[in-house]
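>>> Predicted model follows, preceded by the sequence.
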Amino acid sequence: MAKGSLTRAQGGSSSGSISKASKDLQRYCRAATASALVCRAHVDKSNSRDPCSEGRLMVYNLRVTNRSNSPLAGYDWRKSFLDADRLPQNATPAQKATRGRQFEKILAAMFEDAGLRPRLNYRPKGEEIDGSVWLQGRTILIEAKWTQDPHPASSLYQFRGKVDGKLAGTVGLFISMAGFSKDAVDALVAGKELNLILADGEDLRAVAEGKFTIVEALERKLRAAGDAGTPFLPLGSTAVEHLGTRRSVVFVEGRFDARVLEILRRSLGGSPNVAIIPAGGPSNIAPLIEEFSSVMDGFEKLTVIIDGDYPSSRVHTELEESFATMAAEYAGTIVAELVVLEPDLDSAFGLVQPGAGWEERRGLRRLSDRRLEGRLLSTDVTRRAQSNPAVAKVLDAIGIEIGQ
């Protein structure tokens, strides 16, 4: 913050002192920075000579936002984001490149509106960083990508290397509109130190739609990373926003898994009192259970659904420990169950054949909800549940009754 001083309000009534302090604060804030600042004048009603004196204090809050000289003045980043988000998947490479450049401007305006003093596209010591913001005395480095496919672990490792070389306490925020691969999130959970937090397209859509601010999103993600060691807190899920109103919670590995279950629940008449939470990867489920445990009082059932093709038994061990902790904390009032789908959810529900490659699975993830619903219903989910106990347990977890 630039150097400056507050002029003492001299004489007059209390209201006059407040008015004088207000003018002083305005001059101070304009001189200090053109960014958004919060300045406070403490005015003692009994001693109008000193706006910061001790005694009975009234806090006078003033937020000054000066963007009149900014190139982003008047720019509607919310509308621009929602327009860019409607770009069809078969858009030309040139159209997608234009969207990528526009994405940078959208983020800059979003961060500036929130008073986070964004600094974008700079190159310290030969490396390129998409940008940084300043939140509560902490620098957060930004990497932002709008691509068709989820980002792998290698992308996060590369970004983490840039964060590692900065001042202790610096955190990285990786934004991927297409999300992250399971191995990417799991790699961060398994690491010794966590200095990255992740946000995906659903998170940014929720911010653009006004469900919460970007500052609230960052604070919640940072708190969850610090408290539970989770790099990915899926705030974009409506289930997370209203978790306290539900009676059961279902954790799944990824956004697509959650999408499949939401479509099935809507199509087959499942229960609206079930929260479906995507973890981003199986290793992140146990940390998320720990993070959400504080709001699970009154819950009746916890179900974790994972794919059987995951090679590590560590996930099973961590989940069993989480179940045991919850059983002890809630005195057995919550029923916890682990459901393993062989070999994976896509195959168990007949969307692909076992062993299908990524190209076929990627095509599934690009289907609209209407077309994906058609694919699901054409596989005769009820018959599959009658012959596969694991599928039946999944449907039961989201409140779908299957007749014999």
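Arrived safely, thanks for sending.
>>> ok, Gln95 - contacts?
With contacts defined as CB atoms under 8 Å, 6 or more residues apart in numbering, Gln95 is in contact with Leu87. Bear in mind the C-beta positions are built from the backbone N, C-alpha and C, glycine included.
>>> measure it to Arg86 for me?
12 Å (CB to CB, to the nearest Å).
>>> One more: Gly172?
29 Å.
>>> do the same with Asp227
For Asp227 relative to Arg86 (CB to CB), the value is 36 Å.
>>> Looking at these two, which is more packed in?
Asp227 (12 against 7; other CB atoms under 10 Å).
>>> Next up, identify which helix or strand that one is on.
helix 214-228 (DSSP states H and E).
>>> In this protein, where is pLDDT below threshold?
1-69, 123, 125-127, 237-245, 296-298, 310-312, 332, 403-404 (pLDDT under 70).
>>> Try it again at 80.
Where the chain drops to pLDDT under 80, the residues are 1-71, 73, 121-129, 236-246, 293-299, 310-314, 326-333, 403-404.
>>> Break it down into its structural domains.
14-64, 77-228, 238-397 (automatic domain parsing).
>>> Ser70: which of the ones you listed is closest?
domain 77-228 (6.9 Å; CB to CB).
>>> centre of the chain versus that closest one, how much separation?
10 Å (CA atoms, centre = their mean, to the nearest Å).
>>> Give me the helices and strands touching the helix or strand harbouring Leu376, please.
Assigned by DSSP H and E, Leu376 belongs to helix 369-378. Helices and strands touching helix 369-378, by 3 or more CB pairs under 8 Å, 6 or more residues apart in numbering; DSSP states H and E, are helix 255-268.
>>> Buried residues in the longest helix along the chain, which are they?
When the chain is parsed with DSSP state H, its longest helix is helix 93-113. For helix 93-113, burial by neighbour count (16 or more other CB atoms under 10 Å) applies to 99, 102-113.
>>> ok and it relative to helix 214-228, angle-wise?
Angle of helix 93-113 versus helix 214-228, following axes from the mean of the first three to the mean of the last three CA atoms, to 10 degrees, is 90 degrees.
>>> Paired strands for the following helix or strand past helix 93-113, with orientation please.
Next along the chain after helix 93-113, taking DSSP H and E as the criterion, comes strand 119-122. Here strand 119-122 has these sheet partners by DSSP bridges: strand 129-135 (antiparallel).
>>> which residues are contacting the strand it pairs with?
104, 107-108, 111, 116-123, 139-144, 162, 173, 215, 218-219.
>>> can you pull the buried residues of that strand?
129-133, 135.
>>> for stretch 205-214, same thing?
For stretch 205-214, using 16+ other CB under 10 Å, the buried residues are 206-208, 212, 214.
>>> Straight-line length of that stretch, end to end?
Start-to-end span of stretch 205-214 (CA to CA, to the nearest Å) is 11 Å.
>>> With stretch 374-384 instead?
For stretch 374-384, the end-to-end distance is 16 Å (CA to CA).
>>> Name the residues that touch it?
With CB under 8 Å, 6+ apart, stretch 374-384 has contacts from 260, 263-264, 267-268, 348-351, 364, 367, 391, 395, 402-403.
>>> now the strands: where do they sit in the stretch 51-200 of the chain?
For the stretch 51-200 of the chain, the strands defined by DSSP state E, counting those that start in this stretch cover 57-64, 119-122, 129-135, 138-145, 171-176, 196-200.
>>> List the buried residues of the second one.
What that stands for is strand 119-122. Buried-residue list, strand 119-122, by 16+ other CB under 10 Å: 119-120.
>>> With stretch 372-381 instead?
So, applying 16+ other CB under 10 Å, buried residues of stretch 372-381: 372-373, 375-376, 381.
>>> and the strands of the stretch 51-200 of the chain as JSON lines, adding distance to Gln158?
Output for those, formatted as JSON lines (distance: least, CB to CB, whole Å):
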{"stretch": "strand 57-64", "distance to Gln158": "38"}
{"stretch": "strand 119-122", "distance to Gln158": "17"}
{"stretch": "strand 129-135", "distance to Gln158": "11"}
{"stretch": "strand 138-145", "distance to Gln158": "9"}
{"stretch": "strand 171-176", "distance to Gln158": "10"}
{"stretch": "strand 196-200", "distance to Gln158": "11"}
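>>> Quick one: closest of the ones you listed to Ala91.
So among the strands of the stretch 51-200 of the chain, strand 138-145 is nearest, using CB to CB, at 16.3 Å.
>>> Buried residues in that closest one, which are they?
Applying 16+ other CB under 10 Å to strand 138-145 flags 139-145 as buried.
>>> contact partners of stretch 339-356?
252-253, 257, 260, 303-309, 360-361, 364, 375-376, 379-381, 384, 388, 390-391, 393-394, 397.
>>> One more pass at 7 Å, please.
With CB atoms under 7 Å, 6 or more residues apart in numbering as the test, stretch 339-356 has contacts from 257, 260, 303-309, 360-361, 364, 375-376, 379, 381, 384, 388, 390-391, 393-394.
>>> That one: which residues count as buried?
Buried, per 16+ other CB under 10 Å, within stretch 339-356: 339-341, 344-352, 356.
>>> and the residues you listed, which of them are in helices?
Counting by DSSP H, those contribute 345-348 to helices.
>>> between the domains of the chain, which gets nearest to Pro71?
Among the domains of the chain, domain 77-228 sits nearest to Pro71 (CB to CB), with 8.9 Å.
>>> show me what contacts Phe174?
143, 156, 159, 196, 198.
>>> Repeat the analysis, applying 6 Å as the threshold.
143, 159, 196, 198 (CB atoms under 6 Å, 6 or more residues apart in numbering).
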